[in-house]
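1. below is the sequence, then the predicted model.
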Amino acid sequence: MEPPDAWARTRGAPRLLVLALLLGAQPDAQAEVQVSVPPLVEVMRGESVALNCTPLGVHDYFMLEWYLADRSGVRHRLASGELRGSEIQGGVHSSRGRSPPYQLDSQGRLMLAEAQVGDERDYVCVVTVGATVTAEATVRLQVFAKPEATEVAPNRGTLSVTDDIAQEIATCNSRNGNPAPKITWHRNGEPLQVPMEVNTEGYMTSRTVREASGLQSLTSTLYLRLRKTDRDASFHCSVHYLLPKGQHGRLDSPPFGLTLHYPTEHVQFWVGSPATTEGWVREGDSVQLFCRGDGSPSPEYTFYRLQDKQEDVLKINLEGNLTLERVQRGQSGIYGCRVEDYDAEEDAELSQTLELRVAYLDPLELSNGEELALPLGGSLATNCSVKGLPTPTLRWTKDSIPLGDGPTLSLSSVTFDSAGSYTCEASMPTVPLLSRNRILRLLVEGSPELRPEETLPKAEGSWTEGDEVRLVCSARGYPEPKLKWSQAGGHPAEPAPGGQGWVSSSLTLKVTSALSQDGVSCEASNPHGNARHVFHFGPVAPQTSQAGVAVMAVAISVGLLLLVVAAFYCMRRKGRPGCCRQGEKGAPPSGDPELSHSGSQRPEQTGLLMGGASGGARRGSGGFRDEC
């Protein structure tokens, strides 16, 4: 904000005030002195300030005095001093009740500590040279004070837009500033150009009060003729104040709104959540109906239902809400809302209606029930029916794979792969969250289907005696087939991975030559028949490496036994000449009757027996020298 014209004149550019007094006691005697002072000194309240007074030219001696000029022009002497050497010596004569008191420094400056608004005066400096020559100059002291925070008091009553005169809006207060600030009003951030003169559209009044401290307080009141558009308007006031060196400050009040009274012109009526874009609501949901009029304060709302052109009142309240708990299909129909506003114009539309459509979907019905058995190769045609509003769409699926749209499911030449769960789905595109489904379980009866597999397969004829093999046999059919193995050790049948009605059993065994001839059979059976599979291995090779080891072990065992017998015999013949050596060739002595036998007994046997009977009587006879 620009300062007032009076301030502009006061705050002109600094100038040099020169007063020359030429006085002489004699006609030829003449002297001159000039004094320089700043015409205006500005200071913030509470700060210290020094008023300068400088005599121009060179003077060996002069006297300096400070005077305070009051508003009537009377001067009051405050301080004085005289030049002695390079300093001015003197003091304060009167502070005129000021606290802290004035001070005069060695440069002749008048010192004011903690400037107050009361210090805002004219100060005159008088310089005297000699006995008769004097000069003086005046300095104006301006003290600035920042106002306190801006306060606003809005009208908290209800203001009617139907009044055709300006009404009081708010009062704005700015306290303890200097000089007096200026107040402006704003609506939605834009300044309001309102005059000070009273009129029907809008104006403002102002009042300035000087406080005991000398500070100034300003009060401004705003009056406006209101419109309906002001119901959401934001108002505030701003205080503009001056600072030293031509600077400006601004303090804004908090924003505020008004409570207005205006009649209803339009009414809105709608269905709240849950609702679809087509206006349908689901049966069983709680539905909210909302009614809003644009009048203020909130009018009274009447909810009703039209039946046979008659209004059936449902609820009356000030909130404009109606909740239908667990709505049923019978509650479909026309609903209305009416605003009771007696200040409204005669042509205002104060009521609205809407159609509430309740969507429902009954449970599905299957023409053949939920479980159906067909013979292998048979055919099927079954229907799925449903009642709902809006009209639902039907679709058949199996394992989430669409089979076709419509109520009928047709199958022909069914196989075991056809068995499983078929789902009939009913949905409504206009009511996405409303759907139902029903499952048909199809059983296919027939003789078992067998699926053999070897966990460790080998080509026929490549098996070796003792190899381990795991055989798996899978079957399906209805009723569920039983699995039986020709060899013991088979595991009980259980559902096979992948489903589709398959069950499987496994058998782990070692391959033998006997199995290579007969094989291993797996048989699946149910009341409709049976199926059999034989696992063949072909020729089974012997374990050659193990047979060689066994023969070698037997040979070593026999050799060790012979060595033990020989050692035992040598011990028995210990000490006999020629024992354990090669005997001499020739006939035995004729006198030995044992050696004349025909050979019915082997010599080794005879010698052993003889030696055992005779003991040492025949020591050295030489009869068993060949038995080593």
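-> That came in fine, so what should we check first? Keep in mind that this is a model prediction, so the values were computed, not measured.
2. do a quick rundown of the helices in the stretch 401-550 of the chain.
-> Assigned by DSSP state H, counting those that start in this stretch, the stretch 401-550 of the chain shows helices spanning 513-518, 544-572.
3. those helices: lowest mean pLDDT?
-> The minimum mean pLDDT among the helices of the stretch 401-550 of the chain belongs to helix 544-572 (a mean of 71).
4. I'd say Leu322 and Ser286 touch.
-> No - Leu322 is beyond contact range of Ser286, at 11.2 Å (criterion: CB atoms under 8 Å). Glycine gets a C-beta too; all of them are placed from N, C-alpha and C.
5. between the two, which has more neighbouring residues?
-> Leu322 (21 against 12; other CB atoms under 10 Å).
6. and whatever helix or strand that one lives in, what does it pack onto?
-> Using DSSP states H and E, Leu322 sits in strand 321-324. Applying 3 or more CB pairs under 8 Å, 6 or more residues apart in numbering; DSSP states H and E, we find strand 321-324 packed against strand 287-293.
7. go through the helix or strand just after the strand it packs on and flag the buried ones.
-> Counting by DSSP H and E, the element after strand 287-293 in chain order, helix or strand, is strand 300-307. For strand 300-307, the neighbour count (16 or more other CB atoms under 10 Å) marks 301-305 as buried.
8. just give me the neighbour total for the nearest residue to Leu222 once chain neighbours are set aside.
-> In space, Leu222 comes closest to Ile169 once its chain neighbours are excluded; the distance is 4.4 Å by CB to CB, 6 or more residues apart in numbering. Using other CB under 10 Å, Ile169 has 26 neighbouring residues.
9. so which elements touch the helix or strand hosting Ile169?
-> Following DSSP H and E, the helix or strand that holds Ile169 is strand 167-177. Applying 3+ CB pairs under 8 Å, 6+ apart, one finds that strand 167-177 contacts strand 151-154, strand 182-187, strand 216-224, strand 235-242.
10. Ser160: which of these is closest?
-> With CB to CB, the closest approach to Ser160 among those belongs to strand 216-224: 12.7 Å.
11. what's the angle from that closest one to strand 167-177?
-> Using axes from the mean of the first three to the mean of the last three CA atoms, to 10 degrees, one finds that strand 216-224 and strand 167-177 are set 170 degrees apart in direction.
12. what strands flank the strand holding Ile169, and is each parallel or antiparallel?
-> Note on strand 167-177: by DSSP bridges, its sheet partners are strand 151-154 (antiparallel), strand 216-224 (antiparallel).
13. let's have those strands in TSV, adding distance to Leu141.
-> Listed next are those as TSV, based on distance: least, CB to CB, whole Å:
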stretch	distance to Leu141
strand 151-154	30
strand 216-224	17
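14. could I get the ones you listed as a markdown table with mean neighbour count, distance to Ala79 and mean pLDDT?
-> Output for these, formatted as a markdown table (neighbours: other CB atoms under 10 Å; distance: least, CB to CB, whole Å; pLDDT from 0 to 100):
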| stretch | mean neighbour count | distance to Ala79 | mean pLDDT |
| --- | --- | --- | --- |
| strand 151-154 | 18 | 42 | 97 |
| strand 216-224 | 20 | 30 | 97 |
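15. Arg292: which of the ones you listed is closest?
-> strand 151-154 (26.0 Å).
16. quick one: which helix or strand includes the spatially most central residue of the chain?
-> Most central in the chain under CA atoms, centre = their mean is Ser273, positioned 24.5 Å from the mean C-alpha point. Secondary structure assignment for Ser273, by DSSP H and E: no helix or strand.
17. please shift the residue numbers so they start at 49 in all later answers.
-> Sounds good: first residue 49 from here, last item Ser321.
18. beta partners of the closest residue to it other than its chain neighbours?
-> Closest residue to Ser321 apart from its sequence neighbours, by CB to CB, 6+ apart: Gln336 at 7.3 Å. Beta-bridge partners for Gln336, by DSSP bridges, are Thr371.
19. hmm, back to that, how about the strand holding Leu370: buried residues?
-> 370, 372.
20. then stretch 123-130?
-> By 16+ other CB under 10 Å, the buried positions in stretch 123-130 come out as 123, 126-129.
21. so the residue nearest to Leu270 makes contact with Asp278?
-> No - with contact defined as CB under 8 Å, Ile217 does not reach Asp278; the gap is 9.3 Å.
22. next one: phi and psi at the nearest residue to Ser569 once chain neighbours are set aside?
-> Distances taken as CB to CB, 6+ apart place Ser534 nearest to Ser569, at 4.1 Å, with adjacent residues excluded. Dihedral pair for Ser534: phi -80, psi -10, per degrees, to the nearest 10.
23. swap in the one 10 residues further on?
-> Backbone geometry at Ala544, expressed as degrees, to the nearest 10, gives phi -80, psi 150.
24. mind pulling up the pLDDT for it?
-> 80.
25. residues contacting it?
-> By CB atoms under 8 Å, 6 or more residues apart in numbering, the contact set of Ala544 is 522, 550-552.
26. in the sheet, who's paired with the closest residue to Gly537 other than its chain neighbours?
-> In this structure, Gly537 finds its nearest non-sequential neighbour in Leu555, 5.8 Å apart by CB to CB, 6+ apart. Under the criterion DSSP bridges, Leu555 forms beta bridges with Leu519.
27. distance of Leu555 relative to Arg489?
-> As judged by CB to CB, to the nearest Å, Leu555 and Arg489 stand 32 Å apart.
28. what's the answer for Ser84, then?
-> Distance, Ser84 to Arg489, by CB to CB: 117 Å.
29. so which of Leu555 and Arg489 has more stuff around it?
-> Taking neighbours as other CB under 10 Å, Leu555 and Arg489 compare with Leu555 leading, 21 against 13.
30. that one reaches Trp533, doesn't it?
-> Yes - at 5.0 Å, Leu555 counts as touching Trp533 under the criterion of CB under 8 Å.
31. quickly list what's touching both of those two.
-> Joint contacts of Leu555 and Trp533 (CB under 8 Å, 6+ apart) are 521, 568, 570.
32. most neighbours among those, which one?
-> Most surrounded of these: other CB under 10 Å gives Cys521, at 27 neighbours.
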